[in-house]
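K.L.:
got a sequence here, can you model it:
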Amino acid sequence: MRLPLIAVACLLAAAPGLATAQAPTTPPALTLSDALRLAVQVSPAVKLREAQLAAAEGARHQASTLLANNPELSLERSRTQTRLTPPPDDRSSAWAVALAQSVEIGGQQARRREAAAASLAALRAEIDDARRQARGDAALRFHAVLKAQRRIQIEQRSAALFDSTAQAVDKRRAAGEDTRLDANVARVEAERARNALAAAREQWLDARADLATALQLPAAALPDVAGDLAAGPVDTLPYSLEQLSASLPALPRLRALAAHEQAARARLATAHASRLPDLTLGLAVGREGPGAARERVTTLSVSMPLPLFQRNEAGIGQAISDVSTAEIERAGAVRDHDAQLRRLWSRLASQRERIQRTHAALLPASADNQLLAAKSRQAGQIGLLDQLLISRQALDTERELNDALADYHATRIELESAAGWPQEGSSR
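P.N.:
All right, here's what the predicted structure looks like:
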């Protein structure tokens with residue numbers, strides 16, 4: 001019997017370790033930096049832009065070649081039969097090898113290289129802009145989840161408060177100290193708090209689903225979100241309005257529009273240069289003549305079409321329209337971004353003042369009112385309705401602070417995105 005007892009003892013000793021090994025591991029909480037990096041990696045918009053890099057690189061490589069056109073190689077072979085009287089007839093053969101190369105003489109190749117390089121730079125700037133938009137969208141959705149989580153905490157405390165109040169009123173009513181009206185009012189407030197908690201959880205589920213969509217994850221696979229809307233101070237910012245205005249030229253969208261305008265101007269110069277026809281240079285080597293008198297013939301040729309009817313007016317007109325369109329788009333974008341920057345800055349200052357007023361005046365007064373109401377209620381100086389009103393005011397203050405913090409962070413994210421300021425998880 002000793003061996004089975006030893007085996008059972010060993011199994012019992014190893015059981016905690018086995019249970020620990022088999023216990024499911026909880027995935028780490030998702031931070032804002034992790035969410036931003038993942039959003040850039042899985043963003044369809046970023047991938048679509050990056051898929052266009054091969055075409056832009058190919059166009060730039062093709063434009064960087066020595067000549068725009070390939071040389072033309074031709075081979076000729078002929079047989080000649082001369083009828084003589086008296087026969088026999090005289091037969092001879094000839095052959096020739098020719099090489100022709102067309103050369104642009106208006107400087108089109110240099111302009112074409114400039115246009116291809118500008119188009120590639122515009123695409124890279126658009127990729128940066130797509131990454132910035134992916135980060136901004138993920139940051140907004142991340143903070144929406146934090147707002148919903150904080151709202152659930154508030155509603156949980158509200159439900160617990162009003163539920164305990166309703167239970168206390170029921171006991172006082174049973175003892176004859178409170179009326180039926182007081183009990184009904186307390187019960188209504190408790191049910192309203194439960195409904196508010198359910199609505200907050202629904203909003204939390206929707207916010208998590210939106211964040212999971214931005215991260216290309218199933219909602220059930222999204223880990224817990226770590227963070228706090230009130231973690232950092234809101235009265236200090238690492239930049240000023242002048243610094244944001246100075247960073248506008250570095251905005252990827254504006255850089256892309258400037259590169260598009262540069263490419264359009266290069267294409268216009270190419271269209272003007274194309275009014276000059278290409279020069280074709282040819283070299284031919286061959287042999288011809290009868291067998292006894294065969295001759296080697298070397299021919300140099302230069303040909304050029306006369307620009308009498310085709311002057312590339314259509315191409316020049318289209319290029320001029322493209323340049324004008326690019327200028328208008330870039331000027332409008334610069335103007336709109338500057339106006340948006342100042343509007344968001346003013347809104348951020350107003351929201352910061354709201355948060356500061358709530359912290360400085362509303363929260364302390366609400367906390368003080370709750371203490372005074374509890375003492376006055378015990379002393380019989382105020383009724384249940386007054387105490388419930390004060391409790392609702394305190395909870396509404398916390399809800400307003402939560403909304404103000406969420407609005408502040410949303411505006412801050414939009415402001416930094418509109419100014420091209422480095423976001424968390426990115427480098428300038």
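
K.L.:
going C-terminal from the lowest-mean-pLDDT helix or strand in the chain, what's the next secondary structure element?
P.N.:
In the chain, no helix or strand scores lower on mean pLDDT, DSSP states H and E than helix 2-22, which sits at a mean of 43. Using DSSP states H and E, the helix or strand that follows helix 2-22 in sequence is helix 32-42.

K.L.:
pLDDT (mean, whole number) over that following helix?
P.N.:
For helix 32-42, mean pLDDT is 93.

K.L.:
what packs against it?
P.N.:
helix 108-174 (3 or more C-beta pairs under 8 Å, 6 or more residues apart in numbering; DSSP states H and E). Quick note: C-beta positions are derived from backbone N, CA and C, even for glycine.

K.L.:
so what secondary structure elements neighbour the helix it packs on?
P.N.:
helix 32-42, helix 44-51, helix 53-63, helix 180-214, helix 252-273, helix 384-419.

K.L.:
what is the fifth one packed up against?
P.N.:
Looking back up the chat, that one is helix 252-273. helix 108-174, helix 313-357.

K.L.:
in it, what's buried?
P.N.:
252-273 (16 or more other C-beta atoms under 10 Å).

K.L.:
ditto for the first one
P.N.:
Using 16+ other C-beta under 10 Å as the test for burial, helix 32-42 gives 32, 34-40.

K.L.:
from the residues you listed, pick the one nearest L67.
P.N.:
V40 (40.8 Å; C-beta to C-beta).

K.L.:
on that earlier part again, widest-spaced pair of the buried residues of helix 32-42?
P.N.:
It's L32 and V40 that sit farthest apart of those, by C-beta to C-beta, at 13.0 Å.

K.L.:
ok, back up a step: quick check, nearest of the buried residues of helix 32-42 to R352?
P.N.:
Once C-beta to C-beta is applied, the member of the buried residues of helix 32-42 that ends up nearest R352 is L32, at 20.1 Å.

K.L.:
now that E76 has come up, it's in contact with A98, right?
P.N.:
Yes - using C-beta atoms under 8 Å, E76 makes contact with A98 at a distance of 7.3 Å.

K.L.:
single out the most deeply packed of the helices and strands packed on helix 252-273.
P.N.:
Highest mean neighbour count among the helices and strands packed on helix 252-273 (mean count of other C-beta atoms under 10 Å): helix 108-174, with a mean of 20.

K.L.:
and P223, helix, strand or coil?
P.N.:
coil (DSSP: H, G, I helix; E, B strand; the rest coil).

K.L.:
so how far is A35 from it?
P.N.:
10 Å (C-beta to C-beta, to the nearest Å).

K.L.:
again with A63
P.N.:
Relative to A35, and taking C-beta to C-beta, A63 is found at 40 Å.

K.L.:
among the helices and strands packed on helix 108-174, which is nearest Q167?
P.N.:
Between the helices and strands packed on helix 108-174, helix 180-214 lies closest to Q167; by C-beta to C-beta that is 8.5 Å.

K.L.:
what helices and strands are in contact with the closest one?
P.N.:
Helix 180-214 sits against helix 108-174, helix 384-419, with contacts defined as 3+ C-beta pairs under 8 Å, 6+ apart.

K.L.:
of all these, which one is nearest R335?
P.N.:
Among the helices and strands packed on helix 180-214, helix 384-419 sits nearest to R335 (C-beta to C-beta), with 12.8 Å.

K.L.:
what average pLDDT does the closest one get?
P.N.:
For helix 384-419, mean pLDDT is 90.

K.L.:
same question, stretch 285-292
P.N.:
77.

K.L.:
buried ones in that stretch?
P.N.:
Going by 16+ other C-beta under 10 Å, stretch 285-292 has these buried residues: 286, 288.

K.L.:
so how far is T213 from A207?
P.N.:
11 Å.

K.L.:
between these two, which one's more packed in?
P.N.:
A207 (21 against 14; other C-beta atoms under 10 Å).

K.L.:
show the pLDDT at the more buried one.
P.N.:
Reported pLDDT for A207: 95.

K.L.:
tell me the contacts of it?
P.N.:
141, 144-145, 147-148 (C-beta atoms under 8 Å, 6 or more residues apart in numbering).

K.L.:
ok, now A68?
P.N.:
A68 neighbours (C-beta under 8 Å, 6+ apart): 104, 108-109, 112.

K.L.:
confirm that it sits in a strand.
P.N.:
No - per three-state DSSP, A68 lies outside any strand segment and is coil.

K.L.:
comparing E76 and A98, which residue is more hemmed in?
P.N.:
Set E76 next to A98 and count neighbours by other C-beta under 10 Å: A98 wins out with 16 against 12.

K.L.:
roughly how far does the closest residue to A122 other than its chain neighbours sit from I316?
P.N.:
Leaving aside its sequence neighbours, A122 sits nearest to A259 (C-beta to C-beta, 6 or more residues apart in numbering; 3.5 Å). Look at A259 and I316: by C-beta to C-beta, they are 22 Å apart.

K.L.:
same check on D396?
P.N.:
From D396 to I316 the distance is 67 Å (C-beta to C-beta).

K.L.:
with R77 instead?
P.N.:
44 Å.

K.L.:
A56 contacts A117, correct?
P.N.:
No - assessed by C-beta under 8 Å, A56 is found out of contact with A117, at 9.7 Å.

K.L.:
these two touch, right, L99 and L75?
P.N.:
No - counting by C-beta under 8 Å, L99 sits too far from L75 to count as a contact (10.5 Å).

K.L.:
hang on, the earlier thing: in a markdown table: the helices and strands packed on helix 180-214, plus distance to G289.
P.N.:
Converted to a markdown table, these look like this (distance: least, C-beta to C-beta, whole Å):
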| stretch | distance to G289 |
| --- | --- |
| helix 108-174 | 41 |
| helix 384-419 | 79 |
